[in-house]
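*Asks:* need a 3D model of the following:
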Amino acid sequence: MFQTRTPEEPEGNNTNFPPPTTPQIVMDNFLRSFNQKNLTVYQSCFFDDSATKFMFYPSSDVFSVYPNLFSAWDLSSEIDFAKNLFSKFSVESYPVLLFTNPNLTAFSPDSTIFVSDYILDINSRDNSINNSYKGTAQFVLKINRNGLWKITQWLDFISKNGDYPTFSVLKAKVKS
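*Replies:* Sure, this is the predicted structure:
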């Protein structure tokens, strides 16, 4: 005879991340998955198929120092970075990424640009990366053949006053 059992909780908490059916949802999922160190959902925010590959373009100051690191930065590089970064936090501590004055602009039915200033605070077990990072991020979003929005490009820019390191600096520190 069969008996019912209490279902187990799923591994990882992916249930609070709706399918990215709009550009805003993919950016919300990106932000929340980063802040929650959820690598599975973080990876799902990026476009990667045979026709469209994800690309990251660092701030110009960082590219001039690390051209080899960033010349071929792709989804695999991005996921390695996130995995390495998330591993530097204890179970109960998290990175804090905030978007300030975000702006979504549709430039075609299947493409949108998201631009925002950001503040990223890192307080991890690795003192060499602990800092506040600030800049302006520009994301190019496209819809895939399944009707889901994905990030295809991420461009990082130095903040107007330039007195803080950018996200690109953090990526270079964690990946190099």
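
*Asks:* the nearest residue to Lys53 once chain neighbours are set aside: neighbouring residues, count only.
*Replies:* Setting aside the residues directly before and after it, Lys53 is nearest to Asp74 in space (Cβ to Cβ, 6 or more residues apart in numbering), at 5.9 Å. For every residue, glycine as well, the C-beta is placed using N, CA and C. Per other Cβ atoms under 10 Å, the neighbour tally for Asp74 reads 13.

*Asks:* do the one 5 residues further on as well
*Replies:* One way to gauge burial is a neighbour count; for Ile79, by other Cβ under 10 Å, it gives 16.

*Asks:* name the element it belongs to?
*Replies:* Using DSSP states H and E, Ile79 maps to helix 75-87.

*Asks:* what do you get for Lys142?
*Replies:* Take DSSP H and E as the rule and Lys142 turns out to sit in strand 131-143.

*Asks:* give me the secondary structure label for Asp61.
*Replies:* Three-state assignment for Asp61 (DSSP: H, G, I helix; E, B strand; the rest coil): helix.

*Asks:* separation between the residue nearest to Lys53 and Thr152?
*Replies:* In this view, Asp74 and Thr152 are 11 Å apart by Cβ to Cβ, to the nearest Å.

*Asks:* so for the two, which residues contact both of them?
*Replies:* Common neighbours of Asp74 and Thr152, using Cβ atoms under 8 Å, 6 or more residues apart in numbering, are 53-55.
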